[in-house]
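A.B. asks: Requesting a structural model of the entry that follows:
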Amino acid sequence: MRATPYARRLARELGIDLTTVQGAGDDGAVRAADVHAAGRASAERPERKPAGARRRNEQPHGHAAAPTDSAGEHRTDAMRRAIADLVVRSKREIPHYYLSTTIDFTAAEEWLRQFNRARTPTDRLVPAALLLKAAATAAREVPRLNGYWQKDQFVPGSAVNLGVAVSLRQGGLLAPVIHDADTLSPDGLMADLKDLVERARRGRLRGSDVSGATLTVTNLGDQGVETVFGVIHPPQVALVGFGAVVERPWARSGMLGVRPVVTATLAADHRATDGAVGARYLTAVGRLLQKPEEL
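C.D. replies: This next block holds a predicted model:
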């Protein structure tokens, strides 16, 4: 089967047979979005039971059973309520402003191709590693977006600790933290991200794994989304979003061609910064991705 490394890993995690997945990539290659779609389709199919078998909560003689609920459903409901409270507070208290830019990803894509050439599929870097590294390094260069709004003033973070939004299989979101992200190599970031995502989805995160974030990043590129505008996690003052790497017409030096590009967005707190600071941050992200070998 032709499939991206991330799609193969995701299929293993979800228990999906790749041979049953219809790929929508080049030459029928299976992408992560195809695996997610197959997983949703499987979950929506009615369970087939042997003839004459009775569901666990059915009662004989036509009596209706009392509805049941699992501990997992209770946890998911509690998480959704917590998320709702957080975003309502964020939108009520934080005056958001939003910026967006499109970044030429040609240099980064070529560097990844060369870097991964001698590696096994499970050890290869994915674009998210470079995006996270660029986001963290840019936060070090533009520290006004890395910190908290507390007691009516901006408090800078003592380090660049990236919260990374992770969707859970049973529903809901967590944002485990990669501490000192700007000091890690893309390889180190990738290893920490894999570990955090796996433990988040198994419910094995420690308290230190979900505290201390100074800036949050959300990446919905594996879902096929091209642009995402997030909601700031208080008391942080900014959230960075990345979409999918897609091919688009691109003019350079007076010549028009097709290049891979990625859209980066910023949601920032207008009490702590203004658009000029946000623009400097996104410009720094774009510049850093033009020299991936230096990240």
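A.B. asks: make it CA atoms for all contacts and neighbour counts henceforth
C.D. replies: Noted.
A.B. asks: and Arg81, that's in a helix?
C.D. replies: Yes - counting by DSSP: H, G, I helix; E, B strand; the rest coil, Arg81 is found in a helix.
A.B. asks: how many other residues sit next to it?
C.D. replies: Around Arg81 there are 12 other residues, counting by other Cα atoms under 10 Å.
A.B. asks: Show the pLDDT at it.
C.D. replies: Arg81 carries a pLDDT value of 80.
A.B. asks: With Arg89 instead?
C.D. replies: Value for Arg89, per-residue pLDDT: 88.
A.B. asks: which residues touch Leu193?
C.D. replies: By Cα atoms under 8 Å, 6 or more residues apart in numbering, the contact set of Leu193 is Ile178.
A.B. asks: list the buried ones in the helix or strand hosting it?
C.D. replies: Taking DSSP states H and E as the definition, Leu193 sits inside helix 186-201. Buried residues in helix 186-201, counted by 16 or more other Cα atoms under 10 Å: 186-187, 189-190, 192-193, 196-197, 200-201.
A.B. asks: of those, closest to Ala29?
C.D. replies: Met190 (23.3 Å; Cα to Cα).
A.B. asks: And the buried residues of helix 186-201, which is closest to Leu289?
C.D. replies: Looking across the buried residues of helix 186-201 and measuring by Cα to Cα, the closest to Leu289 is Pro186, at 12.0 Å.
A.B. asks: So that closest one is in contact with Ala128, correct?
C.D. replies: No - judged on Cα atoms under 8 Å, Pro186 makes no contact with Ala128 at a distance of 9.1 Å.
A.B. asks: Export the buried residues of helix 186-201 as JSON lines, with columns for pLDDT and distance to Ala175.
C.D. replies: Converted to JSON lines, those look like this (pLDDT from 0 to 100; distance: Cα to Cα, whole Å):
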{"residue": "Pro186", "pLDDT": "94", "distance to Ala175": "19"}
{"residue": "Asp187", "pLDDT": "93", "distance to Ala175": "20"}
{"residue": "Leu189", "pLDDT": "94", "distance to Ala175": "15"}
{"residue": "Met190", "pLDDT": "93", "distance to Ala175": "16"}
{"residue": "Asp192", "pLDDT": "94", "distance to Ala175": "13"}
{"residue": "Leu193", "pLDDT": "92", "distance to Ala175": "11"}
{"residue": "Leu196", "pLDDT": "92", "distance to Ala175": "9"}
{"residue": "Val197", "pLDDT": "90", "distance to Ala175": "9"}
{"residue": "Ala200", "pLDDT": "88", "distance to Ala175": "9"}
{"residue": "Arg201", "pLDDT": "86", "distance to Ala175": "11"}
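A.B. asks: Return the member of these nearest to Gly25.
C.D. replies: Once Cα to Cα is applied, the member of these that ends up nearest Gly25 is Met190, at 23.8 Å.
A.B. asks: The closest residue to that closest one other than its chain neighbours: helix or strand, and which one exactly?
C.D. replies: Excluding the flanking residues, the one nearest Met190 by Cα to Cα, 6 or more residues apart in numbering is Ala129, at 5.5 Å. Assigned by DSSP H and E, Ala129 falls within helix 127-141.
A.B. asks: Please parse this protein into its domains.
C.D. replies: Domain ranges of the chain: 5-44, 95-294, per automatic domain parsing.
A.B. asks: Give the buried residues for the first one.
C.D. replies: Right, domain 5-44. In domain 5-44, counting by 16+ other Cα under 10 Å, buried: 5-11, 16, 18, 21, 23, 29-36, 38-39.
A.B. asks: How about stretch 111-130?
C.D. replies: 111-112, 124-130.
A.B. asks: What distance do you get for the most centrally placed residue in the chain to Leu239?
C.D. replies: Closest to where the C-alpha atoms of the chain average out (Cα atoms, centre = their mean) is Asn219, at 3.3 Å. Counting by Cα to Cα, to the nearest Å, the gap from Asn219 to Leu239 is 11 Å.
A.B. asks: tell me which element the closest residue to Val142 other than its chain neighbours falls in.
C.D. replies: Excluding its sequence neighbours, the residue lying closest to Val142 (Cα to Cα, 6+ apart) is Tyr281, at 5.9 Å. Taking DSSP H and E as the definition, one finds Tyr281 inside helix 275-289.
A.B. asks: Packing partners of that helix?
C.D. replies: Counting by 3 or more Cα pairs under 8 Å, 6 or more residues apart in numbering; DSSP states H and E, the packing neighbours recorded for helix 275-289 are strand 96-104, helix 127-141, strand 255-269.
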